[in-house]
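1. Return atomic coordinates for the entry below.
(2 chains)
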There are 2 protein chains.
Amino acid sequence: MQVIAIDAMGGDHAPQAVIKGVEEAKRKKIIKSGIILVGKKDQIEKYSTQLDQLEDVTIYDAPDTFKMDEKPSHILRRRETSLYMAADLIKNGKANALISAGNTGALLAVSTFVIGRIKGVSRPAIASPIPNKKGYTILLDSGANLECKVENYLSFGKMGLALQKINGIDQPKIGLLNVGTEEDKGTEIVKAAYQLMRQELGANFAGFVEGRDIAAGTVDVVVTDGWSGNIALKSMEGIGSFISHLLKSSVHSKGIMVKLGALLMKPVFSDLKYKTDSRNTGGGYILGVNAPSIKAHGNSDSIAIINALKVAEKGIESMIVEKIQHSMQ
Amino acid sequence: MQVIAIDAMGGDHAPQAVIKGVEEAKRKKIIKSGIILVGKKDQIEKYSTQLDQLEDVTIYDAPDTFKMDEKPSHILRRRETSLYMAADLIKNGKANALISAGNTGALLAVSTFVIGRIKGVSRPAIASPIPNKKGYTILLDSGANLECKVENYLSFGKMGLALQKINGIDQPKIGLLNVGTEEDKGTEIVKAAYQLMRQELGANFAGFVEGRDIAAGTVDVVVTDGWSGNIALKSMEGIGSFISHLLKSSVHSKGIMVKLGALLMKPVFSDLKYKTDSRNTGGGYILGVNAPSIKAHGNSDSIAIINALKVAEKGIESMIVEKIQHSMQ
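-> Below is the predicted model of the structure:
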């Protein structure tokens, strides 16, 4: 049986949201895999209402916790935290995938150094799904490696390709983020990465793309360094919140007919919310390590946790790790 | 009398949109300054309907044009193009501000090398206004300098400060774009820029900000290199278009009551459109050169041109150049 280890103490609403999500996922038989809740046993027991009635859910006691602002390098020395112990379960063959809604840098550190890198991947990357008109664009790296070497861009491209294939896209198109689409645009490093990717990725490589292509869905994968990916991701989040704020405050400032209109349009706003709500993607993979490792959003509620569990299970079943291993040879 | 030179041939809808904007701005007395339309005389005359009845509007014949994809370095050798000749009018004291809706790189090149840099500014920067809850955040550099030195960040900060002061913000707050807000986050260059800006900008410096702060309006000015600024700007544009597409297609797919709701909510969507439509800002300054130089959006219509003329006039009247000169001493 496949097993998912989840950091019960990570995230703004932990451990309650994590426990609730796990309970619901198992009760409604959404998740077939076994689940290990890793964290302070007494706390998990305190907040759980039905864990003892559920099959294949166990608690693994981790006595230590760490603060959100602790440095990732410190985390690696704190071997009794829920995150470290969850990663250790994978290293020891007791679990097959990892989920945490806690500190991204810490998850990246334990994924890289405890679970370990896939051979041929020098830099694991955070792959964030961004909604587009057809589905989701994978943006990677979205924050793991602030500065990259030419070969890192290529391996991000290969990993994004493997991920979009398991997401059902037959021949994913990969774009390289730049400030323009002409071959002579950009910094020396992206020009060099362009040449290497064109050579190695063949017809899957669609050349340079710009920031606006990320949400437009011009390509299925957008490759960039972690600095630029993080700036793009958070800038887009900011505009999303701003538009939502504008809509609400504008409705609020207007008369009864507009408010009626807003009421009638509720199904549209639900659509919009569903499509843009990061909870529905379940989170992004840390790609390039020897097990599916999923970063759930920091403010994950139980729905987000269920979706993260789905992502983890899909990662195991579709053999994402083996596929990346294969593409690196 | 103050005079604005406008590139009549630049932009997707040139020269018609430029001529129409100029005619309306003068006819309705929106703009007091004189205006020189620089471009192919026969074409300008062909599309103009009332230029001869308007005071203080003249045509300055520029026989040459260039293509959108021409390299900025070539433009500098093409001295009979509308853009070059418009910049030359400023150099020769015949005009006080420049507007173009054409190629950004070309405008940057003529602004830097024909109009000339302000003493103490080694790198002019593109300052883009991004809507936020209270007004506009100035994002600079949004594309002129892909890679920057530590001192460039400081001068971008000083220029953004001067701009927001003429926009009526008494003590503008300046943020430095990073992937996190803690002092130890980021690349070596932004950490060094942080120290320099903290030292030189005093209470106006608000420290590191993240991508989501641009549209949130946490600060009045967001400073970054041109690479990151361009990525952020275009990523935000992409999400804006995507949300607009989602709203429309969702309304389209639903029943009559939702469509009625959309009709009733029209004032709200007008608000949203007004606030996020780049035509309403008139364009961004190229800051750091010896005259107000305004990049209007490539798809400018006559309304956008009128707004760009307002920005140019305000730039002259508020003495933005002198204020930047002063802040560089």
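
2. For chain B, what is the nearest residue in the stretch 1-150 of chain A?
-> Distances between the stretch 1-150 of chain A and chain B by Cβ to the nearest Cβ are smallest at A:L146, namely 5.4 Å. C-betas here are computed from N, CA, C, even on glycine.

3. Surely that residue and A:G226 touch.
-> Yes. A:L146 is within contact range of A:G226, at 5.2 Å (criterion: Cβ atoms under 8 Å).

4. Could you tell me which residues touch both of the two?
-> B:V179 (Cβ atoms under 8 Å, 6 or more residues apart in numbering or on different chains).

5. re earlier: now for the residue of the stretch 1-150 of chain A closest to chain B: which residues touch it?
-> Residues in contact with A:L146 (Cβ under 8 Å, 6+ apart) are A:225-227, B:179, B:186-187.

6. Filter the residues you listed down to the ones in strands?
-> Among those, none falls in strands (DSSP state E).

7. Whichever of the residues you listed end up buried, select them in ChimeraX.
-> Those of the contacts of A:L146 that count as buried under 16 or more other Cβ atoms under 10 Å in any protein chain shown are selected in ChimeraX with:
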select /A:225,226,227 /B:179,186
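
8. Now do the contacts for the residue nearest to A:Q325 when sequence neighbours are not counted.
-> In space, and not counting its chain neighbours, A:Q325 is closest to A:I118: 5.3 Å by Cβ to Cβ, 6 or more residues apart in numbering or on different chains. Neighbouring residues of A:I118 by Cβ under 8 Å, 6+ apart: A:288-290, A:321, A:324-325, A:328.

9. A strand includes A:F208, no?
-> Yes. Under DSSP: H, G, I helix; E, B strand; the rest coil, A:F208 falls within a strand.

10. For B:D12, see how far away it is.
-> According to Cβ to Cβ, to the nearest Å, A:F208 stands 21 Å off from B:D12.

11. So between the two, which is more surrounded?
-> Higher neighbour count among A:F208 and B:D12: A:F208, with 20 against 13, using other Cβ atoms under 10 Å in any protein chain shown.

12. quick one: contacts for that one?
-> A:175-178, A:180-183, A:185-186, A:190, A:194.

13. Which members of those are classed as buried?
-> Going by neighbour count (16+ other Cβ under 10 Å), these have A:175-178, A:180-181, A:185-186, A:190, A:194 buried.

14. Could you list which of those also contact chain B?
-> A:177, A:186 (Cβ under 8 Å from any Cβ of the partner chain).

15. Which one of the buried ones among the contacts of A:F208 is nearest to B:A296?
-> Among the buried ones among the contacts of A:F208, A:G180 lies closest to B:A296 (Cβ to Cβ), at 18.8 Å.

16. need the contact list for that closest one.
-> A:186, A:208, A:210.

17. Check the stretch 51-200 of chain A for the residue nearest chain B and tell me.
-> Counting by Cβ to the nearest Cβ, the stretch 51-200 of chain A gets nearest chain B through A:V179, at 4.3 Å.

18. Next one, pLDDT for the residue nearest the centre of chain A please.
-> Chain A has A:G284 as the residue nearest its centroid, 0.8 Å off, counting by Cα atoms, centre = their mean. Note for A:G284: predicted pLDDT of 92.

19. roughly how far apart are it and chain B?
-> For A:G284, the distance to chain B equals 15 Å [Cβ to the nearest Cβ, to the nearest Å].
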